[in-house]
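Engineer: I need the structure of the sequence given here:
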Amino acid sequence: MSTNEHAASVSPISRRQFAAASAAGVTALAAAQTIAAEAQSDAAPKQSLIELGAVILFQGDSITDAGRSREQADVANEQPGLGNGYAWLAASQLLVDRPDDKLTIFNRGISGNKVFQLAERWQTDALNLKPDVLSILIGVNDIWHKLNGQYDGTVEVYEKDYLALVKRTKEALPDVSLVICEPFALRCGAVNSTWFPEFDDYRAAAKRVADEAGAVFVPFQEMFDRAAKLAPPERWAKDGVHPTADGAALMAHTWRRIVGA
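Structural biologist: Just a heads-up that it's a prediction; the model follows:
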């Protein structure tokens, strides 16, 4: 089935579906408004990246995956294929706010992925979908799996692989609007002092990749740092990596603001 057929075959999200999806994160609203009011460096673009009829793709690791259904991955705009995290919350809000814009939204995050694993499946899970807006959040496993002995990569490998992935994407899809999301970690759960200062180098590398590509950069670490001043870090990500419902709601709010959606 083609992308356009997918878009035509799915029913618009109802307001009841949206309310159910976002109710768990509604307690993050005050924090989101406070953080948005404080933010200066990450103002939204003058014009939304998401135009009428856009195909939007969320890519990344478990934070994006968020339990999405593999069997329904090709069904756009519906919760099973979009998972239970920030991608679904952002998508559901877009579909409610812009019901007549014929948006087609997919999620292809896979738990445990590092940059080189994105590259291995990029043709099928990204380029073949021909997204107009491609949002990537990747990096936490590149350091986490190194720290637990499952991977021997470095921040230099991360940046080199990421730049190659972006170059490949722009060559195949020259008109794509790229969104590079900052990898983040909150100091709780699995995240301890052994992560730092190295993890900050991964964050900086992601920002350099975004700058090199002319991509929009979503500063999730900055967002969570502000949030942690309003409530304990466990409120936003109990293990320091995977967001709670409140954390996911905050991410969706910030993603939409930065992308201009």
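Engineer: Give the buried residues for stretch 98-114.
Structural biologist: Within stretch 98-114, the residues scored as buried using 16 or more other CB atoms under 10 Å are 103-110, 113-114. For every residue, glycine as well, the C-beta is placed using N, CA and C.
Engineer: for stretch 202-220, the distance to its chain's centre please.
Structural biologist: Distance of stretch 202-220 from the chain centroid (CA atoms, centre = their mean, to the nearest Å) equals 13 Å.
Engineer: what number of residues lie near Thr124?
Structural biologist: 10 (other CB atoms under 10 Å).
Engineer: give me every residue that touches it.
Structural biologist: Applying CB atoms under 8 Å, 6 or more residues apart in numbering to Thr124 gives no contacts.
Engineer: Can you tell me whether I have it right that it is in a helix?
Structural biologist: Yes - according to DSSP: H, G, I helix; E, B strand; the rest coil, Thr124 belongs to a helix.
Engineer: still on that earlier bit, which single one of the buried residues of stretch 98-114 is nearest to Leu52?
Structural biologist: Leu103 (8.4 Å; CB to CB).
Engineer: wait, doesn't that closest one sit right on Glu51?
Structural biologist: No - the pair Leu103 and Glu51 fails to qualify as a contact (CB atoms under 8 Å) at a distance of 9.4 Å.
Engineer: which residues touch Asp239?
Structural biologist: Counting by CB under 8 Å, 6+ apart, Asp239 has contacts 188-191.
Engineer: and what of Lys170?
Structural biologist: Lys170 touches 176, 178, 213, counting by CB under 8 Å, 6+ apart.
Engineer: Out of the residues you listed, list just those in strands.
Structural biologist: Those of the contacts of Lys170 mapping onto strands are Leu178, per DSSP state E.
Engineer: quick one, helices of the stretch 101-250 of the chain?
Structural biologist: 115-120, 122-125, 140-147, 155-172, 198-213, 220-227, 245-259 (DSSP state H, counting those that start in this stretch).
Engineer: just the ones you listed: most buried one?
Structural biologist: Scoring the helices of the stretch 101-250 of the chain by mean neighbour count under mean count of other CB atoms under 10 Å gives helix 245-259 as the most buried, with a mean of 24.
Engineer: Need the mean per-residue confidence for that one.
Structural biologist: For helix 245-259, mean pLDDT rounds to 95.
Engineer: circling back: would you write a PyMOL line that selects the buried entries of the contacts of Asp239?
Structural biologist: Selection of the buried residues among these in PyMOL, burial being defined by 16+ other CB under 10 Å:
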select buried, resi 188+190+191
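Engineer: contact partners of stretch 185-203?
Structural biologist: Contacts for stretch 185-203 (CB under 8 Å, 6+ apart): 139-140, 142-144, 147, 155, 158, 182-184, 221, 224, 228, 232-234, 236-241.
Engineer: circling back to that earlier point, right, and the helices of the stretch 101-250 of the chain - which one's nearest Gly67?
Structural biologist: helix 245-259 (11.4 Å).
Engineer: Spatially central residue in the chain, please.
Structural biologist: For the chain, the residue nearest the mean C-alpha position is Leu137 (4.7 Å; CA atoms, centre = their mean).
Engineer: Now for it: which residues touch it?
Structural biologist: Contacts of Leu137 by CB under 8 Å, 6+ apart are 58-61, 63-64, 109, 181, 183, 218, 220.
Engineer: just how off-centre is stretch 248-261 within its chain?
Structural biologist: Worked out by CA atoms, centre = their mean, stretch 248-261 lies 9 Å from the chain centre.
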